[in-house]
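# Output the structure for:
(chains A, B, C and D)
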Protein chains: 4
Amino acid sequence: MAGSTFGERLKMTTFGESHGLEVGVIVDGVTPGVELDEAYIQVQMDRRRPGQSSVTTPRKEYDKIRIVSGIFEGRTTGTPLCIILNNTDMKPSAYDDIKSLYRPGHADYTYDQKYGIRDYRGSGRASGRETAARVAAGAVARKLLEKRNVSVLAYTKEIGGIRCETFDPDTIERNAVRACDPVAAERMIKHIEELALEGDSCGGIVECRISGVAAGLGEPVFDKLDAELAKAMLSIGAIKGIEFGTGFQAATMRGSEHNDEMGADGFKTNHAGGIIGGISTGADIVFRVVVKPTSSISKPQMTVDVEGNEKPITTIGRHDPSICPRVVPVIEAMVCMVIEDHYKRQAALLD
Amino acid sequence: MAGSTFGERLKMTTFGESHGLEVGVIVDGVTPGVELDEAYIQVQMDRRRPGQSSVTTPRKEYDKIRIVSGIFEGRTTGTPLCIILNNTDMKPSAYDDIKSLYRPGHADYTYDQKYGIRDYRGSGRASGRETAARVAAGAVARKLLEKRNVSVLAYTKEIGGIRCETFDPDTIERNAVRACDPVAAERMIKHIEELALEGDSCGGIVECRISGVAAGLGEPVFDKLDAELAKAMLSIGAIKGIEFGTGFQAATMRGSEHNDEMGADGFKTNHAGGIIGGISTGADIVFRVVVKPTSSISKPQMTVDVEGNEKPITTIGRHDPSICPRVVPVIEAMVCMVIEDHYKRQAALLD
Amino acid sequence: MAGSTFGERLKMTTFGESHGLEVGVIVDGVTPGVELDEAYIQVQMDRRRPGQSSVTTPRKEYDKIRIVSGIFEGRTTGTPLCIILNNTDMKPSAYDDIKSLYRPGHADYTYDQKYGIRDYRGSGRASGRETAARVAAGAVARKLLEKRNVSVLAYTKEIGGIRCETFDPDTIERNAVRACDPVAAERMIKHIEELALEGDSCGGIVECRISGVAAGLGEPVFDKLDAELAKAMLSIGAIKGIEFGTGFQAATMRGSEHNDEMGADGFKTNHAGGIIGGISTGADIVFRVVVKPTSSISKPQMTVDVEGNEKPITTIGRHDPSICPRVVPVIEAMVCMVIEDHYKRQAALLD
Amino acid sequence: MAGSTFGERLKMTTFGESHGLEVGVIVDGVTPGVELDEAYIQVQMDRRRPGQSSVTTPRKEYDKIRIVSGIFEGRTTGTPLCIILNNTDMKPSAYDDIKSLYRPGHADYTYDQKYGIRDYRGSGRASGRETAARVAAGAVARKLLEKRNVSVLAYTKEIGGIRCETFDPDTIERNAVRACDPVAAERMIKHIEELALEGDSCGGIVECRISGVAAGLGEPVFDKLDAELAKAMLSIGAIKGIEFGTGFQAATMRGSEHNDEMGADGFKTNHAGGIIGGISTGADIVFRVVVKPTSSISKPQMTVDVEGNEKPITTIGRHDPSICPRVVPVIEAMVCMVIEDHYKRQAALLD
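As a prediction, the model looks like this:
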């Protein structure tokens, strides 16, 4: 593979640049005969789309998807689903003045080093726009997971040093930062608005909880369930780390503390985060990822141009001060793909 | 794939259980014509083998490897290298009393759930013993990286809450915990010896630094270099998290702090950990992983038997109180595989 | 993979049904910086498109492609090329009367058995229409092969028992059946026209000659160059067999006849068809495929309906009496993909 | 992959050279809990091993296999099976005089072109010896197919122009050439013995019949069942072509003849060879392959040395005048792998 394909039995291949004509995805390996329509997928697209609240970029992409193939009379046919979005609000000219400058924190320099050519309009392929295609694919996987009673829930845990102290699942989709604590959410929103005025951005932490996964999923030794979830998460541009269960805190724990004892009713604790030896335990799978501060800021920074001369740069354009709220549906989409794929692999093994 | 194969153009497939006859690996895609012998690989095996110091398991595996194929007259032929180790110190009877009990923190329960059958002798395939095969494969990759002047160095950063305060690369292989700070190393060793007396274990953090990697490696969008390193790391049983560059600390940083500015001499900082947009920047690649406390402890714990009855359990056997020292060469091996593979993928892209 | 992806380092993933909205392909792993435009690809599309001559289906698909991604300022970026065709001449209603009947020779029955659901409009995904996407991808590969001076030429060798007796490469694109012998071509065309009147169809043989391939391509032991070409060819619906070099005639030859002796100027013969041990010899790669008679005929046949009742059937619709002329560009496209992919794999091996 | 791995959900990776220490295979993805022992596999090994009759090479490899991993208490564990054979009758010195000569029909020249280095002892990795590992893996697949009531039967159809006129399955394992007609078998044996005296060899045709395969197996569009069988067959060094059902004869047939009509009892004919649109129809899958004459002959031939100088060559060594009898179990092994793999893929799709 050359990097644009993900999954083994349920597989997606994405295409499209930030400011190209269209962005989309092919999903192959979909269970046939499942009811699916564009409206179901659109719900997830709308959770990711820009301009949905005061704390996200005002770029207006309605992200209206169309299913081009793989559906017949309202049901999946088992052949590839192709789902496409038009890019309707392109302003490539906005990028003209920085086409010869490498924006700090962006993939401008690395793309040039890799390919020797770079679509500088809005980061091209490296743009977060590519993740819209993932969300569409993830919605298909989510549909398949419904019959398995698996639910995937991601939410903001921390932004700019402000942490959620409570966990209220009902509040998540009701606040603009998708935090699980309504009080912390208010403070986060205020913080982001202040940063926006300063032309700066901030990082955060998103947690994900997967419930209802049967024990026994995951392929030892390299394709462990946590290994594949980690790859899925780190494949999202802004994510710089992941931890399962107690995570980095395990560094200071003892075996007698960290081991999850079992009882007649199952595991008594879940320090492992629902995965042991790379295989699901049947407990909730829990992980957290760190989301770096948005690279695009309007504060002036130093960089170099393509000839290596030092130059100041100010990134204009339309950007989210915190990536957390909009990365939540992307995380869920990737998780849905991984879990459904592993169900299918397990079915193959046991057949 | 069914999980025992790793890599795309440089690929390894491992086999073998903890207490089976042999453990080994096939490495395919090796550059032909490269000088290689068993002694070169053995050096890495000896870094991982049990019984090398007071803080590791006394299980005596000399881990003497043999190269069964793929070498002709002292050079690689480009055909699969098969490297095999005999298991010489098997005491499967030691596990007889726990064959019907699920050890807390172990993959006993999850393997039973996945396969419906379990080789209970020393964790079977889930044992750390499988990583010996990875180290052998990694040594082959390390050899290939030599001509690229890439060096891979992992070391213990923290054990049981004791952190390294200095970084002295020369001390790493000279202390039993492979810490980068000789003073902290002494304290760590003392701590581990105390835990061993208590029949307990502790977690830690290992850091890895990869130097000399050319800018431009990594395949967007899913096979990002950090995504594949994350998968490689989480595929190691004891590792529960990974972070690149500033890692989880980025959650509290601003974009104006986290962005790595560029100057005429390259990046001024390396908060990104050497990878931006999934592609190497040319700076050192730096990541840290959290290593959970060894699951096998002799302190009594509660668990259930295969029929679901609650039972106390005391894991006897021969185990390392801290996994850090011996996981260091495993981490390096996996990293070598990933980096060399990505060099080959980049060569394919540009050809 | 779930079957809609082909290739390792140069990879295509197709989507789309015969009578869906759009048909297309994602090509990943394309060398960056190569000049490419829609016109270059359109040339190949026009060779495959329906209605190009008296002997092909009058279905009017202008098969105008659009490149949706992966090109910037006239050059490839190294990111996925997505190429899409609209389906403009859909008459799904023409298939209404056969939606509950399994057409003999068609995949109607097997699709129902596999998926439990079937898009009966014009064979859906099993239609030859899917190969339009392959031709688009193959044109990209052809472009990459230009710099290697590799040329791929397929042509009709036999139709309905009429065989080419001469080989004139210049005549191939000048006659409606793409035969390499202008005299035989005339007879073939006449034969096809007669069959069309009878509502019948006929089979044939297409030969392919690949020139300029360097010695040393092909991956032992499973991914041999001939093995992958064979898979590529048999993945085309109408092709039922393949033979390399002397092919089935080798069954009656002796080793002393079949072995290709070498001399100072290279191989003295080419019974092997340019591949020995799965690796290219540097001589022309030559193979032939057998193309079955078009399944869609208007002569009445017996079949069963979806409930298993015997019923007569007459396939109306618009079909080619011989598939040979239009399968030629599809064969070339698949060959281009395989050869370019193997160049890239070889580059990875040696890097 | 670098070519030594085959399969998706049931996967084998082989290693080993003709005159190396050991040859073997890792089989991954095996259904857990299946009874399997070395004796079961040995039966297939004995069908392929040298020296089993007057018409095969006298090289004495008892091909005694050992299962190194993946079995516990007589049952498969679902983890990789590694099966190894020692090479016990190596006479590499026999090859000393030809180490600088390229044997006609052999992969000597192409391996040198590909790798720049070549293990000249008995063809190294290109030797038919590698297929012993495939037979071991195929035996595992055959075991898994037993529960599905699938049977795979290959047999010699033609050798040196002598064709079988009758089909008697019981005679196949009772004659030295594994022909399906006992009278033709006698003539074939006589012919081979005469060729052996002349120091020459001959080609042939092997047919394979797969019974009991459910309708619905095969992955459109690239991973068609016939496409993957074709790849599997052409990956065997001596095989130069394959045809399904009526095969090349279809070139002279009409659609009204070739189409398999359906009736209440299923297909009335089987011109398609059991696969339509790449998916099994439920009828027997039937294909034929052409086996080239053994390249190693003792008749003198012309070739070049590694410096390009023309030289005469006489291949001594121990070789089969016809490859057909011993390739039969290799063909069956590859077929078993493909069919079982596709069952598992279908299970994944529908799950």
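# Give me the phi and psi angles of A:Gln346.
Dihedral pair for A:Gln346: phi -60, psi -40, per degrees, to the nearest 10.
# who's in contact with it?
A:Gly216, A:Leu217, B:Lys114, D:Asp351 (Cβ atoms under 8 Å, 6 or more residues apart in numbering or on different chains). Where you see a C-beta, it was placed from the backbone N, CA and C, and this is true even at glycine.
# A:Ile189 is in contact with A:Leu195, correct?
No: in this structure A:Leu195 lies outside contact range of A:Ile189 using Cβ atoms under 8 Å: 10.8 Å.
# Now intersect the contacts of A:Gln346 with the helices, please.
Mapping the contacts of A:Gln346 onto helices (DSSP state H) picks out B:Lys114.
# for the contacts of A:Gln346, which one is nearest D:Val43?
B:Lys114 (30.3 Å; Cβ to Cβ).
# ranges for the helices of the stretch 101-250 of chain A?
Ranges of helices in the stretch 101-250 of chain A, per DSSP state H, counting those that start in this stretch, are A:108-115, A:130-146, A:182-198, A:225-234.
# The first one close to chain C?
Yes: Helix A:108-115 is in contact with chain C by Cβ under 8 Å from any Cβ of the partner chain, via A:Lys114, A:Tyr115.
# wait, does that helix contact chain B?
Yes: Helix A:108-115 comes into contact with chain B (Cβ under 8 Å from any Cβ), by way of A:Tyr109, A:Thr110, A:Tyr111, A:Gln113, A:Lys114, A:Tyr115.
# for chain A, which spans come out with low pLDDT?
A:1, A:56-61, A:89-97, A:317-318 (pLDDT under 70).
# For A:Thr13, list each beta-bridge partner.
A:Thr5, A:Ile26 (DSSP bridges).
# and the gap between A:Val30 and A:Thr79?
Using Cβ to Cβ, to the nearest Å, one obtains 8 Å as the distance from A:Val30 to A:Thr79.
# same check, this time on A:Ile189
44 Å.
# now swap in A:Asn86 and tell me
In terms of Cβ to Cβ, A:Asn86 sits 23 Å off from A:Thr79.
# Can you pick out the residue with more neighbours from these two?
Per other Cβ atoms under 10 Å in any protein chain shown, whichever of A:Asn86 and A:Thr79 has more neighbours is A:Thr79, with 32 against 17.
# can you pull the contacts of the residue lying closest to that one once chain neighbours are set aside?
Excluding the flanking residues, the one nearest A:Thr79 by Cβ to Cβ, 6 or more residues apart in numbering or on different chains is C:Arg125, at 4.1 Å. By Cβ under 8 Å, 6+ apart, the residues touching C:Arg125 are A:Ser69, A:Thr77, A:Thr79, A:Pro80, C:Gly16, C:Glu17, C:Ser18, C:Tyr111, C:Asp119, D:Pro220, D:Val221.
# ok, of the contacts of A:Gln346, which one's closest to chain C?
Distance to chain C, by Cβ to the nearest Cβ, is smallest for D:Asp351 among the contacts of A:Gln346, at 12.5 Å.
# Would you confirm that that closest one contacts A:Tyr343?
Yes: using Cβ under 8 Å, D:Asp351 is in contact with A:Tyr343, at 6.1 Å.
# ok, the two, which is more surrounded?
For D:Asp351 versus A:Tyr343, neighbours defined as other Cβ under 10 Å are more numerous around A:Tyr343 (23 against 18).
# Can you show me the strands along the stretch 251-351 of chain A?
With strands called from DSSP state E, counting those that start in this stretch, the stretch 251-351 of chain A shows them at A:262-263, A:266-267, A:275-276, A:279-280, A:285-291, A:301-304, A:310-313.
# Which of these has the highest mean neighbour count?
strand A:275-276 (a mean of 31; mean count of other Cβ atoms under 10 Å in any protein chain shown).
# Neighbours of A:Val43, how many?
11.
# can you count the residues close to the closest residue to it other than its chain neighbours?
Computed as Cβ to Cβ, 6+ apart, the closest residue to A:Val43 that is not its neighbour in sequence is A:Ala139, at 7.4 Å. A count of nearby residues for A:Ala139, using other Cβ under 10 Å, gives 25.
# so how far is D:Gly266 from A:Ala139?
40 Å.
# wait, A:Leu229 sits on A:Met337?
No: in this structure A:Leu229 lies outside contact range of A:Met337 using Cβ under 8 Å: 10.2 Å.
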